[in-house]
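Colleague: Sequence and predicted structure are below.
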Amino acid sequence: MIETVLDVRDLEAGYEPGVPIVRGASITVNKGEIVVVLGPNGAGKSSFIKAIAGLVPITGGTVLLDGKDITAAPAHTMVRLGLAFVPQTENIFPLMSVEDNLRVACGILERREIPGRIQEMYAAFPDLIRQRRTAAGNLSGGQRQMLAVARALIVHPKVLVLDEPSAGLSPKFVSMVFEMLAGIRKSGVTILLVEQNAKAALAIGDRAYVLVEGKDRHEGIASELWNDPVVAELYLGQRPLRAEKGGAA
Amino acid sequence: MSLQFVVDGLLTGSMIGLGAIGVTLTYSILRFSNFAHGDFMAWGTYATLAVVSAIGATVGKVAPIAPLSFGWPLLVALVIGMAFTALLALLLDRVLFARLRSQGQAIIVVMASFGASMALRSLLEFTFTSRPTYFSRAIQIAMPVGFGIRITPDQIALLLLTAVLVLGVHLLMTRTQTGRSMQALSQNAALARIVGIDVASVVRVTWIIGGALACVAGVMIGILVQIRPFMGFDMLLPMFAAAILGGIGSIPGAVLGGLIIGLAEAGAVQLIGAEWRAAVSFIILMAVLFVRPIGLFGVRER
């Protein structure tokens, strides 16, 4: 049976009143899935996901997490509600040690649970344990991303939400980050991510949405979307050659 | 020259350092220079004085704890004064700073703190007059401790108190979840919210620590020098110099900065004359800003 974890309906959001960036976007994320939100630059992907996380003011629509209305809940209450967010940049505390970065995120855990949970994160991300006393600002790009994800996972979220986890990483680290996300899904965590790097994201995703001008315009099975001419058109803003030759798919 | 300036400098430095902790925390966590911080010192000192007098009026004269110049009433009053100053800081934040902060313009908050500083100071002058007063008029005999240095029991006690408080605040900042939350908020406010930190409660803790330590610093000045409505305002420049010298946001930095400025001021008094005392913190401040703008313990923002 399909169990919906995150249900976003007709979301409208924007920084300034009267200037919506997200204009009626709807998606659902089911338990155990990786759902990818794609879209051209300026489609409002980042604002969409930040609005879900409580970081961009929501002006319309609803966000349900496990059936509970979390629309516009304050950002700092999201981890308690079960939504852990990994921002695109500046997603670690650079002057704190790796271990303190993990520990500071444990506010909602029971005190006696924390040391064990930190060890579990080290077991899942062995690179981090070697650097546990290092200031997080000194980590490599890939390790930073690992730390940011570990920090989000440490509180047992119902859904892990990531804003362009591959942004700014070298190709070697990009594949590492996506392998890491695929591994996390295998351990039973539900994932929603926004990505610019469509090919790599679709390779690990189950389903995907294409967001254009703040609205969800297309939905499909991730593995099929890469060759979907509608996606190419929406994504690139032009009809690709292959689709013209073969007609509408 | 006599080495007496070392003791004088360490004492002045302790007062500056305790005050600078509040300045550096407010600056790094709330992102504004709080010019009213010196007046928290003065208010805390007068509140402590008022409680000492009240205790004196109720239970009669209490003998000092030998060999110190003060008895238990001052210690009790100090704790009450710390709580009072913390509440004063919280109240001022609630009615003034928080509202302006939400508008997102740091310079307006700084100007408001300047206004608050003047208002708080005038209220003290109005209530207690500007005539200096004292916790005790008893004269303590300074004990020689070698190298031509003399120190009074009060001075030793206050240096120890400073050391304990600084260590306590340092442990709080580095070993507790509250302290880590404060560090997190100073490094990245948006991410702090994302990881579940309630910004409002961290801000409250910041004011409580800053206010309570300002009160201690003020009472130290009251015990060793005198109590005046301007006592805190006069400390403002050295406190900011210490916070910047140590590196904004660093507790050990603020204290070390305070000690350096205290020692430099005391040394300058001996070497070039007392009228240059205030200039020394200016000169050190400018020198640091030229050579190492991020301060001794500061870290470059990435």
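Modeller: All right, it came through fine. Residues are numbered from 1 along each chain as shown, chains lettered A, B, ... in the order given.
Colleague: burial of residue B:141, as a residue count?
Modeller: One way to gauge burial is a neighbour count; for residue B:141, by other C-beta atoms under 10 Å in any protein chain shown, it gives 8. Heads up, the C-betas are built off the backbone N, CA and C, glycines and all.
Colleague: Okay, it and chain A: tell me how far apart.
Modeller: Residue B:141 is 47 Å from chain A, where distance means C-beta to the nearest C-beta, to the nearest Å.
Colleague: Does that residue touch residue B:154 like I think?
Modeller: No. No contact is recorded between residue B:141 and residue B:154 when judged using C-beta atoms under 8 Å, the distance being 10.9 Å.
Colleague: which residues are in contact with both of those two?
Modeller: Overlap of the contact sets of residue B:141 and residue B:154 (by C-beta atoms under 8 Å, 6 or more residues apart in numbering or on different chains) is empty.
Colleague: can you list the weak-confidence ranges in chain A?
Modeller: Across chain A, the stretches falling below the confidence threshold (pLDDT under 70) are A:235-249.
Colleague: Over to the most centrally placed residue in it. Which of the three states is it?
Modeller: Geometric centre of chain A, nearest residue: residue A:162, 2.1 Å, by C-alpha atoms, centre = their mean. When states are read from DSSP: H, G, I helix; E, B strand; the rest coil, the local structure at residue A:162 comes out as strand.
Colleague: which bits of the stretch 151-300 of chain B sit near chain A?
Modeller: B:177, B:180-181, B:183-184, B:187-188, B:190-199, B:299 (C-beta under 8 Å from any C-beta of the partner chain).
Colleague: So which of the residues you listed belong to helices?
Modeller: Taking DSSP state H, the ones among these that sit in helices are B:177, B:180-181, B:183-184, B:187, B:190-194, B:199.
Colleague: so residue B:73 makes contact with residue B:58?
Modeller: No. At 9.6 Å, residue B:73 does not count as touching residue B:58 under the criterion of C-beta under 8 Å.
Colleague: just to revisit the earlier point, out of the residues of the stretch 151-300 of chain B next to chain A, which end up buried?
Modeller: Neighbour counting with 16 or more other C-beta atoms under 10 Å in any protein chain shown marks B:180-181, B:183-184, B:187-188, B:191-199, B:299 as buried within those.
Colleague: so what does the strand or helix carrying residue A:85 touch, helix or strand wise?
Modeller: When elements are assigned from DSSP states H and E, residue A:85 belongs to strand A:83-86. Under the contact criterion of 3 or more C-beta pairs under 8 Å, 6 or more residues apart in numbering or on different chains; DSSP states H and E, strand A:83-86 touches helix A:45-52, helix A:141-153, strand A:159-163.
Colleague: rewinding a little: any idea how far the residue nearest to the centre of chain A is from chain B?
Modeller: With the distance defined as C-beta to the nearest C-beta, residue A:162 ends up 12 Å from chain B.
Colleague: For residue A:173, grab the count of nearby residues.
Modeller: Residue A:173: 20 surrounding residues under other C-beta under 10 Å.
Colleague: if I pick it, what's in contact with it?
Modeller: The neighbours of residue A:173, taking C-beta under 8 Å, 6+ apart as the test, are A:140-142, A:145, A:166.
Colleague: with those in mind, which one is nearest to chain B?
Modeller: Of all the contacts of residue A:173, residue A:141 has the smallest distance to chain B: 12.6 Å, by C-beta to the nearest C-beta.
Colleague: was I right about that closest one contacting residue A:165?
Modeller: No. Residue A:141 is beyond contact range of residue A:165, at 10.9 Å (criterion: C-beta under 8 Å).
Colleague: In PDB, list the C-alpha atoms belonging to the lengthiest helix in chain A.
Modeller: The helix spanning the most residues in chain A, taking DSSP H as the definition, is helix A:171-186. Extracted in PDB, the C-alpha atoms of helix A:171-186 (Å, rounded to 0.1, in the frame of the first residue of the first chain):
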ATOM      1  CA  PRO A 171      32.200  15.600 -10.900                       C
ATOM      2  CA  LYS A 172      33.900  13.100  -8.600                       C
ATOM      3  CA  PHE A 173      32.000  14.400  -5.600                       C
ATOM      4  CA  VAL A 174      28.700  14.700  -7.500                       C
ATOM      5  CA  SER A 175      28.600  10.900  -8.100                       C
ATOM      6  CA  MET A 176      29.700  10.300  -4.500                       C
ATOM      7  CA  VAL A 177      26.800  12.400  -3.200                       C
ATOM      8  CA  PHE A 178      24.200  10.700  -5.300                       C
ATOM      9  CA  GLU A 179      25.500   7.200  -4.400                       C
ATOM     10  CA  MET A 180      25.200   8.400  -0.800                       C
ATOM     11  CA  LEU A 181      21.600   9.400  -1.300                       C
ATOM     12  CA  ALA A 182      20.800   6.100  -3.000                       C
ATOM     13  CA  GLY A 183      22.300   4.300   0.000                       C
ATOM     14  CA  ILE A 184      20.300   6.400   2.500                       C
ATOM     15  CA  ARG A 185      17.100   5.500   0.600                       C
ATOM     16  CA  LYS A 186      18.000   1.900   0.900                       C
END
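Colleague: okay, the angle between it and helix A:141-153?
Modeller: Direction vectors for helix A:171-186 and helix A:141-153, defined by axes from the mean of the first three to the mean of the last three C-alpha atoms, to 10 degrees, enclose an angle of 20 degrees.
Colleague: Excluding sequence neighbours, find me the nearest residue to the residue of chain B positioned farthest from its centre.
Modeller: Relative to the mean C-alpha coordinate of chain B, counting by C-alpha atoms, centre = their mean, the farthest residue is residue B:194 (32.2 Å). The spatially closest residue to residue B:194, leaving aside those adjacent along the chain, is residue A:85, at 5.2 Å (C-beta to C-beta, 6 or more residues apart in numbering or on different chains).
Colleague: cool, residue A:54 as well?
Modeller: The spatial neighbour of residue A:54 that comes closest, neighbours along the chain excluded (C-beta to C-beta, 6+ apart), is residue A:75 at 3.8 Å.
Colleague: The nearest residue to residue A:195 once chain neighbours are set aside and residue B:295, how far apart?
Modeller: Excluding the flanking residues, the one nearest residue A:195 by C-beta to C-beta, 6+ apart is residue A:201, at 3.7 Å. Distance check for residue A:201 against residue B:295: by C-beta to C-beta, to the nearest Å, it reads 43 Å.
Colleague: Which strands and helices lie in contact with the helix or strand residue A:9 falls within?
Modeller: With the criterion set as DSSP H and E, the secondary-structure element containing residue A:9 is strand A:4-13. Under the contact criterion of 3+ C-beta pairs under 8 Å, 6+ apart, strand A:4-13 touches strand A:22-30, helix A:45-52, strand A:58-65, strand A:190-194.
Colleague: Around chain B, which positions in chain A sit nearby?
Modeller: Contact residues, chain A versus chain B (C-beta under 8 Å from any C-beta): A:53-55, A:74-80, A:85, A:87, A:90-96, A:100, A:103-108, A:137, A:151, A:155.
Colleague: Now with 7 Å, please.
Modeller: Taking C-beta under 7 Å from any C-beta of the partner chain as the measure of proximity, chain A contacts chain B at A:53, A:55, A:75-76, A:79-80, A:85, A:87, A:90-91, A:93-96, A:100, A:103-105, A:107-108, A:137, A:151.
Colleague: From residue B:76, how far out is residue B:58?
Modeller: Per C-beta to C-beta, residue B:58 is found 12 Å from residue B:76.
Colleague: more neighbours, these two?
Modeller: Summary of the neighbour comparison: residue B:58 and residue B:76, criterion other C-beta under 10 Å, with residue B:76 having more neighbours (14 against 8).
Colleague: How about the contacts made by the more buried one?
Modeller: Residues near residue B:76 by C-beta atoms under 7 Å, 6 or more residues apart in numbering or on different chains: residue B:55.
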